[in-house]
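Chemist: could you look at this predicted model? Sequence included:
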Amino acid sequence: MNFGHLARYYHLLEVVFIGRGLLLARTAQLERLAQGRPNQHALMVGEGNGSFLLAFLEQFPEVRVTVNDLSPEMLEVARARLRDSGVDASRVEFIAGDIRDVERPANGYDLIATHFFFDNFDDAVAAEMVRIVESLSATEAQWLVSDFCMPEGGWRALRAKVWLSLLYGFFGRFAGLKTRQLPATESHLSAGRFIRTNRKTFCGGMLYSSRYEAVPARE
Ligand SMILES: C[S@@+](CC[C@H](N)C(=O)[O-])C[C@H]1O[C@@H](n2cnc3c(N)ncnc32)[C@H](O)[C@@H]1O
């Protein structure tokens, strides 16, 4: 998979393909997050060109942030967007590389964000990625996830199928995505130590935005 040569056009492609839906899904949980306990250190996995990062930094001026993406080009676009916005980026660390190689800080990350990340993988790899990301989290952590999903039945499901086949076709051709169907990300998430505390859908049920909280391990 290589999003490098799409990095400069990714934002434009997103707006043309889906409009504001993706941004709404990424940021839908931020208001509730701000009302909860403060976070110390956030990890954004496969963050891409920084759309969520920008919105997050503006709303959470105290939180330290580690931003990971496999594509250095995507991270360069994210850095440029931060510079242009004038947001203080001194508390942001960028790690270009595979999330599988990112080390867990001593206490783990108490906030994780994975937006439109897991749906780039086939089901087996998505399951592996969920467990890897989970292993980087703190004992008390929250996790924000947004991704595509399939609405139940009717014309919405048909519409989602058409969109997904177009999107998978496009990103298969231009970013080398191997998979052509959504993995069961939500099942993989609920098989671990996080429970879902909120879920919203957008674009006729084709996108979801969820908040998860870690359940303390039993003695
Ligand atoms: C579809 S883009 C989503 C970008 C962004 N999160 C968003 O909301 O638009 C998926 C991103 O995941 C990154 N990625 C893919 N595999 C990765 C891996 N193993 N580790 C870290 N990032 C990865 C890609 O480089 C790409 O930027």
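Modeler: In hand now; what should we look at?

Chemist: only C-alpha atoms for contact and neighbour calcs from this point on.
Modeler: Noted.

Chemist: what pairs with the longest strand seen in the chain, parallel or antiparallel?
Modeler: Criterion DSSP state E: the longest strand present in the chain is strand 137-148. Sheet pairing here is set by DSSP bridges, and for strand 137-148 it gives strand 109-115 (parallel), strand 207-214 (antiparallel).

Chemist: got the ones you listed as a markdown table, with mean neighbour count and distance to residue 200 columns?
Modeler: Formatted as a markdown table, these follow (neighbours: other CA atoms under 10 Å; distance: least, CA to CA, whole Å):
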| stretch | mean neighbour count | distance to residue 200 |
| --- | --- | --- |
| strand 109-115 | 24 | 14 |
| strand 207-214 | 22 | 5 |
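
Chemist: quick one, which of the ones you listed is nearest to the ligand?
Modeler: Nearest to the ligand, of all the strands paired with strand 137-148, is strand 109-115, at 4.3 Å by CA to the nearest ligand atom.

Chemist: can you tell me if that closest one touches the ligand.
Modeler: Yes - part of strand 109-115 sits near the ligand under the criterion CA under 6 Å from any ligand atom, namely residue 115.

Chemist: still on that earlier bit, run through who's touching the longest strand of the chain.
Modeler: Outside strand 137-148, the residues that touch it by CA atoms under 8 Å, 6 or more residues apart in numbering are 25-26, 29, 104, 107-119, 182, 206-216.

Chemist: show me what the closest residue to residue 115 other than its chain neighbours is bridged to.
Modeler: Excluding its sequence neighbours, the residue lying closest to residue 115 (CA to CA, 6 or more residues apart in numbering) is residue 146, at 4.7 Å. According to DSSP bridges, the partner residues bridging residue 146 are residue 115, residue 209.

Chemist: hmm, back to that, would you turn the strands paired with strand 137-148 into a markdown table with mean pLDDT and distance to residue 41?
Modeler: Output for the strands paired with strand 137-148, formatted as a markdown table (pLDDT from 0 to 100; distance: least, CA to CA, whole Å):
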| stretch | mean pLDDT | distance to residue 41 |
| --- | --- | --- |
| strand 109-115 | 98 | 5 |
| strand 207-214 | 98 | 15 |
